[in-house]
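K.L.:
Task: produce atomic coordinates for the following.
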Amino acid sequence: MYVAVAGNIGAGKTSLAELLSKHYSWEAHFEDVIDNPYLDDFYNHMERWSFNLQVYFLNSRFRQLKNFKASNKDFIQDRTIYEDSRIFAPNLHAMGLMNQRDFNNYQSLFGLMESMVKAPDMLIYLRSSIPNLVHKIHKRGREYENSISIEYLSRLNERYEAWISTYDKGKLLIVDVDQYDFVENKGDLGRIIEKIDAELNGLF
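P.N.:
As a prediction, this is how the structure comes out:
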C-alpha cells in the first residue's frame, strides 16, 4: 500500500502523515527540509537556486519511492514526485525564476523518473485557503519561510487546484483543512480516517 499526502506549503502534510503512520502502522517518509542544503539560499535568491532545489527534491522523492518498492512495506509519503513537476517547477518557470533551458532539463529528468515509479494507491489532497496557510506557516516559525509571499502561495494554490481537477492516477481523497483541524481535534482526525477507510475499502 502506497499512500501520499499532497498540498501547498503549510497545509499540514507532515502532521497528517505522522498521525496516519501511527494509526495504520505505515512507514512514513517525509520531505527533507531539515538537511536540505538549498532551502535557505532558495528563499533568499529564488532565481539562482530554483533549479538546484527542484532537482534535490526530485532526487529525494525518487529515492523514497525506489526504497518503498524494494521494502515491500506499507508506505505513506509527505508530498509526491508529481507536485515537483506539476506545481513547483512550472510555477517557478512561469514567474521567470527558472529559465527555459533548466525547465526543459528538469522536465526531461522527471519524465525518466516517472516511468520507473508507481503512482500512489491513494492520494490525500489537503485543500486550504491562503489565510489558513499563512497562519500555519507563521505558527511553525521556520525562519527560511518568512519571505514567502501571499502571491507565491496563491499561484501554487491555483496550480494545485488545476492538477487535482484532472488527477487520474489512483484513488483521490480531498480534505478541506479549513474545516478539519486534525492536529488539535481527535474527532476531526477520526472523520478523516473514516473517509480513508471507506476509500481503501471501495465504499465510495
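K.L.:
State the three-state secondary structure for Ile124.
P.N.:
Recorded secondary structure, Ile124: strand (DSSP: H, G, I helix; E, B strand; the rest coil).
K.L.:
And it, how far from Asp176?
P.N.:
As judged by CB to CB, to the nearest Å, Ile124 and Asp176 stand 12 Å apart. All C-beta atoms are positioned from the backbone trio N, CA, C, and that covers glycine.
K.L.:
Same drill for the two, tell me which one is more crowded.
P.N.:
A side-by-side neighbour count of Ile124 and Asp176, using other CB atoms under 10 Å, places Ile124 first with 24 against 12.
K.L.:
What score does the more buried one have for pLDDT?
P.N.:
We have a pLDDT of 98 for Ile124.
K.L.:
That one contacts Tyr2, correct?
P.N.:
No: Ile124 is beyond contact range of Tyr2, at 11.9 Å (criterion: CB atoms under 8 Å).
K.L.:
just the helices in the chain please.
P.N.:
Assigned by DSSP state H, the chain shows helices spanning 13-24, 39-44, 46-71, 81-83, 89-94, 100-114, 130-140, 150-165, 186-200.
K.L.:
Deepest in the core, which of those is it.
P.N.:
helix 81-83 (a mean of 21; mean count of other CB atoms under 10 Å).
K.L.:
Can you give the contact residues for it?
P.N.:
6, 58, 61-62, 65, 110, 113-114, 117, 160, 163, 169 (CB atoms under 8 Å, 6 or more residues apart in numbering).
K.L.:
Repeat that for stretch 109-120.
P.N.:
Outside stretch 109-120, the residues that reach it (CB under 8 Å, 6+ apart) are 2-4, 55, 58, 62, 65-66, 68-69, 77, 80-82, 84-85, 89, 169-170.
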